[in-house]
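Enquirer: Got a predicted model here, sequence first, then my questions.
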Amino acid sequence: MDERRLPITYAACPSCGADDGETLFEAPAQLIDLDQRFRFATCRQCGLVYLVDHVDAAAMGTLYDADYPLHRGPALWGPFARFVEDDNARVDAARVARVLSQTTLGPDDVVLDVGCGRPTFLEALRDRTGCRAIGIDAVSLPPDAAVAGIMTAQGVPPDWPQEVVEAAPFSVVTMWHALEHDPQPVATLAWLRDRMRLGGVAVIEVPDLEGATARWMGKRWPGWHTPRHASVFTVETLRAVVERAGWRVVAHERTGTLAPFVLVALGVLDAVGFRFGRHPAPLVFPVWALGMALTWPWLGRRTRAGMGLQTIVLRPE
C-alpha cells in the first residue's frame, strides 16, 4: 500500500480566530491513503468544531488529485456511468430549483459557484435562465470537465483570480459543499458579500453535525471528510459564521440536495478500506444501488430533514 505523509499547519478556530480549542478526537484520513492522523477540536469561545491539523496549502492538491471522485465525474463508474450521470442531473435540477425559489435570473445576471467541481450545475442553471455562469475551484479541473460558455477559474480565497474579481457584482453565489473546506470561511463570505448585486442571494449547503447520520457513524461519518474539511458545522455555528461575515439569514433548513444515503455509503466504503483510484469503482456500484433501494424511505429522499445536511440562504446586510 502506498501511504504518504503530508506537511501539516496548525490552525486556530476558522470562525472567531481564538486559539482555544478542546480536542474532540483524532482520526485517520478518509478515502485516501495517508500515514497520519488529524485532530478535530471544539472552540471554547464560539463552539465551532474545526480541524486543528491542516494539510499545508502547498500540498493541498494531493487531497483532490486525479482520483477525487467529484472531479472524475460519471466516467469513474465505467459501465454504470449513465446511471450516475442521471442522478447527478437530478441533484443539479434540485440545486437550480433551490436558487430559483429565491430569485429570478436572466442574461444580465452573474452567478458564481464557489467550489464548482465539474460545472454541471452551472450549465443547468445557465440553460434554464440564460445567466452568465462562472465557477471557481481550489484545484485544476480535468480537461473533460470543461463546458462551452461557462468560465471556470482556479484559485483559493483570498487570492481570487482576476477574471472572477472583474465579473462582480454577483446576483447569486452558491457553495455546494464548499464552505466546510475553506480554512477562512468568514473572510471568504465577507469578500463575497461586498461584491453582491443589490437584492443578491447566496445559497450554501454543508453537512449537519447534529444530523442522524453523524450520530450513527461517529468518526466514520463523511461529514468529517478528514482532512479535507476545515470546519464541521452545527445549525448554530453555521449561522454564527455567516452572520460574522455580514450576511442576513433568510432561510435555514436541515435538508440538502444530496440524498442522505450518500453520507452513509461513503462512510461504509471508507470503513472497509475502499479507495477511489486504487480500487475499481464499478465493482461497488451494484451494492451501492441495492443499498439505496433498500433504504430509500429513510436515506434516499432528499427532502428528509435532520439526516446530516443543511442549507442556508443569505442576503447581504
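Expert: Yep, it's here. Numbers count the residues shown, from 1 in each chain.
Enquirer: The one helix or strand T174 maps to pairs with which strands, parallel or anti?
Expert: Here T174 sits within strand 170-176, counting by DSSP states H and E. With DSSP bridges as the test, strand 170-176 is paired with strand 110-114 (parallel), strand 196-207 (parallel).
Enquirer: next helix or strand past that strand?
Expert: helix 185-193.
Enquirer: Report the mean confidence score over stretch 114-124.
Expert: Stretch 114-124 comes out with an average pLDDT of 96.
Enquirer: how far does it stretch from start to finish?
Expert: For stretch 114-124, the first-to-last residue distance is 16 Å (CA to CA, to the nearest Å).
Enquirer: name the helices or strands packed onto the longest helix that the chain contains?
Expert: Ordering each helix of the chain by length in residues (DSSP state H) puts helix 81-100 first. Using 3 or more CB pairs under 8 Å, 6 or more residues apart in numbering; DSSP states H and E as the contact test, the elements touching helix 81-100 are helix 120-129, strand 170-176, strand 196-207, helix 285-294. From N, CA and C alone the C-beta is placed, and that goes for glycine too.
Enquirer: got the contact list for the closest residue to R220 other than its chain neighbours?
Expert: Distances taken as CB to CB, 6 or more residues apart in numbering put G267 closest to R220, at 4.4 Å, once the chain neighbours are dropped. Shown in contact with G267 (CB atoms under 8 Å, 6 or more residues apart in numbering): T213, M217, R220, W221, P222.
Enquirer: Show me which of the residues you listed is closest to D113.
Expert: P222 (21.2 Å; CB to CB).
Enquirer: ok, the closest one touching L258?
Expert: No: judged on CB atoms under 8 Å, P222 makes no contact with L258 at a distance of 10.4 Å.
Enquirer: Comparing these two, which residue is more hemmed in?
Expert: P222 (23 against 20; other CB atoms under 10 Å).
Enquirer: Phi, psi for that one please.
Expert: phi -70, psi -10 (degrees, to the nearest 10).
Enquirer: if we can go back for a sec, contacts for the strand holding T174?
Expert: 95, 99, 103, 105, 109-115, 121, 131, 192, 195-197, 199-206, 257.
Enquirer: Buried ones only from those, please, as a PyMOL command.
Expert: Buried residues among those (16 or more other CB atoms under 10 Å), as a PyMOL selection:
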select buried, resi 95+99+103+105+109+110+111+112+113+114+115+121+131+192+195+196+200+201+202+203+204+205+206+257
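Enquirer: quick revisit: so for the longest helix of the chain, what's the average pLDDT?
Expert: 97.
Enquirer: Show me what counts as buried in that helix.
Expert: A81, V84, D87, N88, V91, D92, A94, R95, V96, R98, V99.
Enquirer: The second one: what's its closest spatial neighbour, skipping adjacent residues?
Expert: Translated: V84. P74 (4.2 Å).
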